[in-house]
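Chemist: predicted model, plus sequence, below.
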Amino acid sequence: MVACEEPGVADDPRPGNQRCHRGSRDSSDYGNQATSQLATGLRQAGATIISGGAYGIDACAHRAALQVEEASAESPSTIAILAGGLDRLYPSGNHNLLRTIIDRGLLLSEVPPGTAPTRFRFLNRNRLIAGFAQLVVVTEARFRSGALNTARQAVDLGREVAALPGSVFSPNSVARTG
């Protein structure tokens, strides 16, 4: 495991208080609002918000956690787990967000610098996200999505999984994907 963090942040973010938010990269306004409220409330209660740094729900959860005044100096506000090396901030459109997470949170990867993010590495990254979190919250996920892959891995690891359903008419609704 390779880590990039702010100096002085504890190496072991308070065990048992990590919450993961995963969801669609093409999230709706509803999904973003719901995720922001949930992540903000959990961070205010002292939880560390974990996600994958992707567009959509992941980025929304990270941003919400970063906006909360430091709830605890003992744990980072948010952790982003990358599929590639730490020198490959991906997706490039979230470069500024990921730089902020480096400054104020924790960026993790299990692969060495220089490693490109590839499909199977995203699946491995999802395993890590599920393993770090005590609770995985899925907001808006398509049937064959990384968010649902994370949820399945969390179930296999004995973690709690929650889903926030959207409109039953939306292809991103967890209610439609089961």
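Modeler: Everything's here; your move.
Chemist: show me the residue sitting in the middle of this structure in space.
Modeler: Closest residue to the average C-alpha location of the chain: Ser51 at 0.8 Å, with Cα atoms, centre = their mean.
Chemist: ok, the closest residue in space to Ser36 that isn't next to it in sequence - contacts?
Modeler: Nearest residue to Ser36 in three dimensions, chain neighbours excluded: Ala64, at 4.5 Å (Cβ to Cβ, 6 or more residues apart in numbering). Where C-beta positions appear, they are placed from N, C-alpha and C, glycine not excepted. Contact analysis of Ala64 by Cβ atoms under 8 Å, 6 or more residues apart in numbering lists Thr35, Ser36, Gln37, Ala39, Thr40, Arg43, Ile49.
Chemist: repeat that for 6 Å
Modeler: Applying Cβ atoms under 6 Å, 6 or more residues apart in numbering, we find Ala64 in contact with Ser36, Ala39, Thr40.
Chemist: same thing with Arg63?
Modeler: By Cβ under 6 Å, 6+ apart, Arg63 has no neighbours at all.
Chemist: and if you look at Thr78?
Modeler: Ile49, His62, Ala65, Ile101, Gly105.
Chemist: for the residues you listed, work out which two are farthest apart.
Modeler: Ile49 and Ile101 (10.3 Å; Cβ to Cβ).
Chemist: check which helix or strand covers Arg88.
Modeler: Using DSSP states H and E, Arg88 sits in no helix or strand.
Chemist: measure it to Asp29 for me?
Modeler: Distance, Arg88 to Asp29, by Cβ to Cβ, to the nearest Å: 30 Å.
Chemist: more crowded one of those two?
Modeler: Arg88 (16 against 7; other Cβ atoms under 10 Å).
Chemist: need the pLDDT of that one.
Modeler: Arg88 carries a pLDDT value of 94.
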